[in-house]
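Enquirer: Build me a model:
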Amino acid sequence: MMKDLVRVLHVDDNRFDRQLVRDALMAEHDRFVLTEAEDQEELLACLESMQFDVILSDFNILGFSGLQVLEIVKQKQPETPVIIVTGTGSEEVAIKAMKMGASDYVIKSARHIRGLASAIDLVIENRKLIAERETSRINLQKSEEKYRKIFENIQDVYYQIDSDGVIIEMSPSIYKISGFKREELIGKQSEDFYEDPEFRNVLLELLAEKHEVWDFEIRLRTKTGELRWASVNVHLLLDENSRPIGIEGSMRDIEGRKKMEADLLLAIEKAKGSDRLKTAFLQNISHEIRTPLNAIVGFTNLLCKSVYSPEKSASFANVITHSSQQLLSIIDSIVLMANIESGQENINEKSFGLKATFRLLFEQFLSKADSRKIILTVEPLPEGDEIYISADETKFIQVLVNLIDNALKFTEGGVVLFGYTLKEEEIEFFVKDTGMGIPAEMQKIIFERFSKLDNPSGSNAGGSGLGLSISKAYVELMGGRIWVESEVGKGSSFYFTIPLKKIEKDQIFKEDRAGNFILNPDREKTILVVEDDDANFFFLDEILRSEYVSVIRAADGAAAVEICRNNPGIDLVLMDIKLPVLDGIEATRRIREFSPELPVIAQTAYASSSEKYNAIAAGCSDYLSKPIDVELLISRVNNYLK
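Expert: A predicted model of the protein is given here:
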């Protein structure tokens with residue numbers, strides 16, 4: 001088998017010596033390709049033009065030396081071996097040449113020169129071995145670096161523990177889990193880092209039985225003393241005689257997973273609790289609705305089937321009216337909660353007088369307080385110059401009404417105090433009572449939907465259990481917060497805040513709730529009632545029709561638009577919102593196109609503030625919610641027909 005050609009550069013200024021080397025290589029070996037250089041210039045030119053397998057150089061060359069040849073080769077072709085071929089055979093020169101990087105040293109003599117080819121082969125072979133070892137070293141270094149980075153950066157923690165429980169190896173990633181550096185753990189007892197050392201004993205028992213364990217969950221103590229969940233996969237380490245000498249495994253941080261599991265269990269339990277509350281709520285609502293409904297149906301039947309004295313009939317009628325109002329309040333609460341949950345409740349700010357509002361609330365609840373032998377107090381007293389603020393008056397009053405009504409409901413013969421404190425950026429309102437108080441566990445859930453506090457006296461407190469949920473939602477919509485402080489047997493204090501937006505000057509409008517029309521008898525007034533329900537129209541017709549008022553009807557929104565277009569003498573429109581063909585909102589918009597001054601009062605069973613806002617935005621002059629309050633209807637109509 002023919003060997004590869006060997007490219008040889010011979011540097012020597014003596015042509016006889018060059019011939020000696022040429023003859024030695026060419027006479028016996030045809031595999032050498034020989035190039036010659038006489039001086040430094042030719043050497044540099046050769047090194048630039050070709051890559052050589054070996055370079056032969058005389059030690060003493062005219063103008064420079066073999067040592068300089070070694071320097072030049074080291075710069076130009078550092079991987080090419082250099083053999084010094086010279087007649088100077090001193091040991092000192094040989095050592096000097098070898099120190100400078102020469103691969104071998106051959107004496108120029110007839111006896112020694114015959115071994116030049118073998119010396120070249122040996123040098124080239126050694127150089128290949130050195131190159132292979134260097135390549136292997138570099139590859140090993142790269143491999144070690146690769147696995148070192150994997151070892152250091154892998155999220156799972158690798159560890160080894162000997163049979164005495166001493167940690168003998170730990171990957172640096174333990175720092176992310178425990179806060180300990182690897183060096184701080186090596187040589188320490190592993191059981192010191194368990195929440196309960198008994199867990200280690202359980203793990204060792206499982207290993208003794210199965211030789212490996214997967215997904216074993218433990219809690220470890222971190223450097224700060226915090227407990228953290230981890231999952232380990234571990235197997236026994238055995239010696240050559242299959243005897244256990246320790247354990248080896250990996251550890252994974254599962255604190256996040258455990259937290260998610262706990263949150264999920266909490267959510268499931270909360271959902272179950274919510275279902276239980278909803279069930280209790282529905283049962284309560286069923287009872288609360290049936291109670292006034294039973295009175296309405298029962299006393300209505302009595303009035304229809306028998307003849308009673310005027311006094312008793314009036315008493316029955318009062319019961320029916322009170323029960324109807326109670327039923328309406330329950331239904332309003334359910335509708336309000338549904339609107340809040342669906343995000344349909346909006347804030348409609350307006351300016352109003354704070355002291356006037358508190359005076360009205362005091363007057364509203366005074367008789368109820370007196371009947372329960374409760375002292376009702378306002379602080380500060382609503383006297384002196386008025387304080388005007390900007391807020392959603394309806395929602396603000398509703399919150400106070402709910403809180404005061406609850407205070408009176410759960411207080412027997414004590415004191416109920418309500419009022420406010422002006423602060424820099426907010427107003428803090430309070431309602432305090434000396435009633436039964438609220439247990440600590442109930443204080444955490446009392447503002448949640450469907451929660452209802454039982455009256456320990458055994459009497460039925462009534463209500464839907466939604467009042468405080470609605471109050472909390474309203475307060476938060478207005479940009480405030482609500483909370484309670486209470487002690488059982490001593491009473492409760494409810495607080496809520498809203499942003500302070502003082503108004504310098506405003507006018508408080510009061511409803512004119514006159515019981516009769518005040519009309520100009522010189523001309524009859526015409527009212528268009530837009531109502532598709534016959535019973536509702538009959539009710540309104542009975543209230544409105546008089547010597548000075550005529551009532552006409554439209555059964556849908558489209559008919560109402562045409563009647564108003566063709567009858568410019570209509571003085572007022574009572575517009576139902578939910579109508580066939582064309583709804584009341586769109587009908588009002590179309591009427592406004594040709595009759596912008598015509599009063600239109602919206603009347604609807606939708607009792608939300610957003611529905612009122614939509615009606616006013618469409619062009620309605622005013623708004624009434626069903627069931628219609630007769631006195632309020634007369635007052636509103638009277639205002640527009642004067």
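Enquirer: Check the burial of residue 579 by counting its neighbours.
Expert: 24 (other C-beta atoms under 10 Å). Yep, even glycine has a C-beta here, placed from its N, CA and C like the rest.
Enquirer: Quick check: it is in a helix.
Expert: No: assessed with DSSP: H, G, I helix; E, B strand; the rest coil, residue 579 is coil; it does not lie in a helix.
Enquirer: Dihedrals phi and psi, it?
Expert: phi -130, psi 150 (degrees, to the nearest 10).
Enquirer: got the contact list for it?
Expert: Each residue near residue 579 by C-beta atoms under 8 Å, 6 or more residues apart in numbering is listed here: 530, 532, 556-557, 560, 587.
Enquirer: if we go to 10 Å?
Expert: 530-533, 554-560, 585-587, 604 (C-beta atoms under 10 Å, 6 or more residues apart in numbering).
Enquirer: any idea what sits nearest it, other than its immediate chain neighbours?
Expert: residue 557 (4.5 Å; C-beta to C-beta, 6 or more residues apart in numbering).
Enquirer: The one you found reaches residue 587, doesn't it?
Expert: Yes: using C-beta atoms under 10 Å, residue 557 is in contact with residue 587, at 3.4 Å.
Enquirer: Residues that sit against both of these two, list them.
Expert: 530, 575-577, 579, 581.
Enquirer: Need the buried ones from the residues you listed selected in PyMOL.
Expert: Burial among the shared contacts of residue 557 and residue 587 is assessed by 16 or more other C-beta atoms under 10 Å; the matching PyMOL selection reads:
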select buried, resi 530+575+576+577+579
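Enquirer: So which of the shared contacts of residue 557 and residue 587 is the closest to residue 394?
Expert: Nearest to residue 394 among the shared contacts of residue 557 and residue 587, counting by C-beta to C-beta, is residue 577 at 18.1 Å.
Enquirer: Quick check: pLDDT value at the closest one.
Expert: Model confidence at residue 577, given as pLDDT, is 90.
Enquirer: thought it was touching residue 611?
Expert: Yes: Residue 577 is in contact with residue 611 according to C-beta under 10 Å; the separation is 7.1 Å.
Enquirer: Tell me the residues that contact both of the two, please.
Expert: 585, 602, 604-605, 623.
Enquirer: TSV for those, including secondary structure and distance to residue 118?
Expert: TSV is the format used below for the shared contacts of residue 577 and residue 611 (DSSP: H, G, I helix; E, B strand; the rest coil; distance: C-beta to C-beta, whole Å):
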residue	secondary structure	distance to residue 118
585	helix	111
602	strand	117
604	strand	115
605	coil	115
623	strand	116
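Enquirer: Spell out the secondary structure type for residue 72.
Expert: helix.
Enquirer: now, the most widely separated pair of the shared contacts of residue 577 and residue 611?
Expert: Longest span within the shared contacts of residue 577 and residue 611, C-beta to C-beta: 585 and 605, 14.2 Å.
Enquirer: which of residue 557 and residue 587 has more neighbours?
Expert: Each of residue 557 and residue 587 had its neighbours counted (other C-beta under 10 Å), and the higher figure belongs to residue 587 (28 against 25).
Enquirer: what's the spacing between that one and residue 620?
Expert: 10 Å (C-beta to C-beta, to the nearest Å).
Enquirer: which stretches of the stretch 151-300 of the chain form strands?
Expert: 157-162, 167-170, 212-221, 227-238, 244-253 (DSSP state E, counting those that start in this stretch).
Enquirer: Out of those strands, which gets nearest to residue 313?
Expert: Once those are compared by C-beta to C-beta, strand 227-238 is nearest, at 74.0 Å.
Enquirer: now for that closest one, which elements pack on it?
Expert: strand 157-162, helix 174-178, helix 198-210, strand 212-221, strand 244-253, helix 255-305 (3 or more C-beta pairs under 10 Å, 6 or more residues apart in numbering; DSSP states H and E).
Enquirer: Mean pLDDT lowest where, among the ones you listed?
Expert: helix 255-305 (a mean of 78).
Enquirer: Now do that helix and strand 212-221, the angle between them.
Expert: Orientation check (axes from the mean of the first three to the mean of the last three C-alpha atoms, to 10 degrees): helix 255-305 against strand 212-221 gives 80 degrees.
Enquirer: chain center to the helix or strand just after helix 255-305, what's the gap?
Expert: As assigned by DSSP states H and E, the chain's next helix or strand after helix 255-305 is helix 310-341. Offset of helix 310-341 from its chain centre (C-alpha atoms, centre = their mean, to the nearest Å): 42 Å.
Enquirer: what's helix 310-341 packed up against?
Expert: helix 255-305, helix 393-409, helix 467-477, helix 609-618.
Enquirer: Now render the ones you listed as a markdown table, adding mean neighbour count and distance to residue 537.
Expert: A markdown table is the format used below for the helices and strands packed on helix 310-341 (neighbours: other C-beta atoms under 10 Å; distance: least, C-beta to C-beta, whole Å):
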| stretch | mean neighbour count | distance to residue 537 |
| --- | --- | --- |
| helix 255-305 | 13 | 21 |
| helix 393-409 | 21 | 28 |
| helix 467-477 | 21 | 33 |
| helix 609-618 | 18 | 19 |
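Enquirer: Now render those as JSON lines, adding distance to residue 198.
Expert: Shown next, in JSON lines, are these (distance: least, C-beta to C-beta, whole Å):
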{"stretch": "helix 255-305", "distance to residue 198": "20"}
{"stretch": "helix 393-409", "distance to residue 198": "52"}
{"stretch": "helix 467-477", "distance to residue 198": "47"}
{"stretch": "helix 609-618", "distance to residue 198": "61"}
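Enquirer: closest to residue 341 out of those helices?
Expert: helix 467-477 (8.6 Å).
Enquirer: Export only the CA atoms of whichever helix or strand comes after the closest one, formatted as PDB.
Expert: Using DSSP H and E, the helix or strand that follows helix 467-477 in sequence is strand 482-487. Output in PDB follows, covering the C-alpha atoms of strand 482-487 (Å, rounded to 0.1, in the frame of the first residue of the first chain):
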ATOM      1  CA  ILE A 482     -67.100  49.400  53.200                       C
ATOM      2  CA  TRP A 483     -66.300  47.500  56.400                       C
ATOM      3  CA  VAL A 484     -67.800  46.500  59.700                       C
ATOM      4  CA  GLU A 485     -66.600  46.400  63.300                       C
ATOM      5  CA  SER A 486     -68.700  44.400  65.700                       C
ATOM      6  CA  GLU A 487     -68.800  42.500  69.000                       C
END
